[in-house]
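K.L.:
let me see the structure of the following:
(one chain, ligands or ions: 1)
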Amino acid sequence: MLPELIDSHCHLDVADFAEDREAVLSRARDAGVRHIVVPAIERETWGELQNICRDSPMLHPAYGLHPMFLDRHRDDDLSALDARLMAGDAIAIGECGLDHFVEEIADPAGRDRQQQLFEAQLELARKHDLPVIIHARRAVEDVIHSLRRLNGLRGVVHSYPGSLEQAKQLQKLDFLLGFGGPVTYPRARRLREMVATIPADQLLLESDAPDQPDVDWRGQRNEPARLTTVLAVIAKLRDCEATELAEQTTANARRLFNLPD
Ligand SMILES: [Zn+2]
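P.N.:
Model prediction:
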């Protein structure tokens, strides 16, 4: 029997999946994927994301304002987010966070704006008692700083780009780490060494589809069924059984997002 998997980060609502979303979901199911967390990007997509998740018991929405789409966010998006969270279908807030890699938004003004939107979403997570899905490109230190300042939060740093030391700090702050396609590339040595050593109860699997395909799927649209490849690679790096890793990461995701059986 296939081990049960949870894709903790998949943009299944985007246009890349408009034509064949059902087929993608069916392949995911066949690969053992039981639940998929679908984080939002911007306010305009929240309604459609809600509809898509309502149609499938596998899909669970998170609502938020992604830092990379900074120019699309308005101040009143935050009050709209607050109102949307009242509806009760969100399993998390996200995708939110900080991106100091993309040049257009990494100047001082861009950074300030990112910080403001990020911390406002952290406040909402506290208010609604929801976990947070965080994007932290070149910004793990600043994310940790915000989490310390606001404290009492829980969540995941997705596609974890930080160090082992930062991973320890994040564990103390009740944050898990998501890993996906990038760990399958043999040249990602630092990342692979890290995923081999971080505590099992801090690990989540993610596809980040349609982005970040694994090494065998390079250049193609990623999809949640590919999670089995990520699972196999991480199990090998950690020198454990794939079923054992599946059980642990599924239990971690279930606990964090309070997912049904
Ligand atoms: Zn994402």
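
K.L.:
ok, which stretches of this protein are strands?
P.N.:
Here the chain has its strands, by DSSP state E, at 5-7, 33-39, 59-63, 92-99, 132-137, 155-157, 175-179, 203-205.

K.L.:
in CSV, list those strands along with distance to residue 221, mean pLDDT and mean neighbour count.
P.N.:
The C-beta positions use only the backbone N, C-alpha and C, and glycine is treated the same way. What follows is these, written out as CSV (distance: least, CB to CB, whole Å; pLDDT from 0 to 100; neighbours: other CB atoms under 10 Å):
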stretch, distance to residue 221, mean pLDDT, mean neighbour count
strand 5-7, 15, 98, 28
strand 33-39, 15, 98, 26
strand 59-63, 18, 98, 24
strand 92-99, 19, 97, 28
strand 132-137, 20, 97, 26
strand 155-157, 23, 98, 27
strand 175-179, 19, 98, 25
strand 203-205, 18, 98, 24
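
K.L.:
just so I know, which of the ones you listed lies nearest residue 13?
P.N.:
Closest approach to residue 13 among those (CB to CB): strand 33-39, 5.7 Å.

K.L.:
starting at the chain centroid, how far to the closest one?
P.N.:
Offset of strand 33-39 from its chain centre (CA atoms, centre = their mean, to the nearest Å): 10 Å.

K.L.:
for it, output the C-alpha coordinates as CSV.
P.N.:
C-alpha atoms of strand 33-39 as CSV (Å, rounded to 0.1, in the frame of the first residue of the first chain):
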residue,chain,number,x,y,z
VAL,A,33,-1.4,12.3,-1.9
ARG,A,34,-4.3,12.7,0.5
HIS,A,35,-4.4,16.4,1.2
ILE,A,36,-3.1,19.5,-0.6
VAL,A,37,-2.6,22.9,1.0
VAL,A,38,-3.2,25.7,-1.6
PRO,A,39,-1.7,29.1,-0.5
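
K.L.:
residue numbering should commence at 302 henceforth.
P.N.:
In the new count, where the first residue is 302, that last one comes out as strand 334-340.

K.L.:
related to what we said a few turns ago, can I get the strands of the chain in CSV with distance to residue 408?
P.N.:
As requested, the strands of the chain are exported to CSV (distance: least, CB to CB, whole Å):
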stretch, distance to residue 408
strand 306-308, 34
strand 334-340, 26
strand 360-364, 27
strand 393-400, 12
strand 433-438, 15
strand 456-458, 24
strand 476-480, 28
strand 504-506, 32
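
K.L.:
of all the ones you listed, which one is nearest residue 495?
P.N.:
With CB to CB, the closest approach to residue 495 among the strands of the chain belongs to strand 476-480: 8.9 Å.

K.L.:
strands paired with the closest one, and their directions?
P.N.:
Its sheet considered, strand 476-480 pairs with strand 456-458 (parallel), strand 504-506 (parallel) by DSSP bridges.

K.L.:
for residue 546, which of the strands of the chain is the nearest?
P.N.:
That would be strand 504-506 among the strands of the chain, by CB to CB, at 7.7 Å.
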